[in-house]
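Peer 1: predicted model follows, preceded by the sequence.
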Amino acid sequence: MTQSQKRAILTLVIWGLAAAGFAALFFGSGGPVTFGADRGRIVSTAILIGVGFIAYFIMLYFTRSRPGAMRVVADERDVRIASRANGGTLIVVLVVVYLACIGLWSAYQDCGCVPVGWLWFLGYAAAMLGYLTHAAATLLLNHGRGDHGQG
């Protein structure tokens, strides 16, 4: 397993847990309508996302390339896969955010305003979706292509 594959799996675990926790906090206790007025939920989700970032950067540190390593950590194929995963991630996040905005506009068009909780949701969800999509795309693009000639 390459460094990029290990990182992708760990990224899915870290941000999957953060996304599940965020969804529970966001949609629980009144959902998006009451989220903006509930400081406890706002602080709790901010802490949760902060812990996600801390765990992510710790994972990057522990999976870094080390001087004197005897095996290839990344090669041209990994660079190509990362580039394709970046492009796919950008498209997915842009389309999801666009569709969410259109959906919110349609749902709240008659009352003239969208609950501010949805803006919190879009901000946090877009960031988490970016990490999750990139990791999933990396694993998908690596699937079935062997492990650098090994296996």
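Peer 2: Arrived safely.
Peer 1: now do the biggest helix by length in the chain: which elements does it pack against?
Peer 2: In the chain, taking DSSP state H as the definition, the longest helix is helix 76-108. Using 3 or more CB pairs under 8 Å, 6 or more residues apart in numbering; DSSP states H and E as the contact criterion, the neighbours of helix 76-108 among helices and strands are helix 3-27, helix 117-142. C-beta: built from backbone N, CA, C; applies to glycine.
Peer 1: quick one: closest of those helices to residue 37.
Peer 2: With CB to CB as the measure, helix 117-142 is the member of the helices and strands packed on helix 76-108 nearest residue 37 (8.5 Å).
Peer 1: let me know the angle separating the closest one from helix 3-27.
Peer 2: Using axes from the mean of the first three to the mean of the last three CA atoms, to 10 degrees, one finds that helix 117-142 and helix 3-27 are set 160 degrees apart in direction.
Peer 1: now do the buried residues in helix 117-142.
Peer 2: Applying a neighbour-count criterion of 16 or more other CB atoms under 10 Å, the buried positions in helix 117-142 are 117-118, 120-122, 124-125, 127-139, 141-142.
Peer 1: do stretch 45-52 as well
Peer 2: Of the residues in stretch 45-52, those buried under the neighbour-count criterion (16+ other CB under 10 Å) are 45, 48, 49, 52.
Peer 1: likewise stretch 58-70?
Peer 2: With the criterion 16+ other CB under 10 Å, stretch 58-70 contains buried residues residue 59.
Peer 1: how near is residue 138 to residue 115?
Peer 2: The span separating residue 138 from residue 115 equals 35 Å under the rule CB to CB, to the nearest Å.
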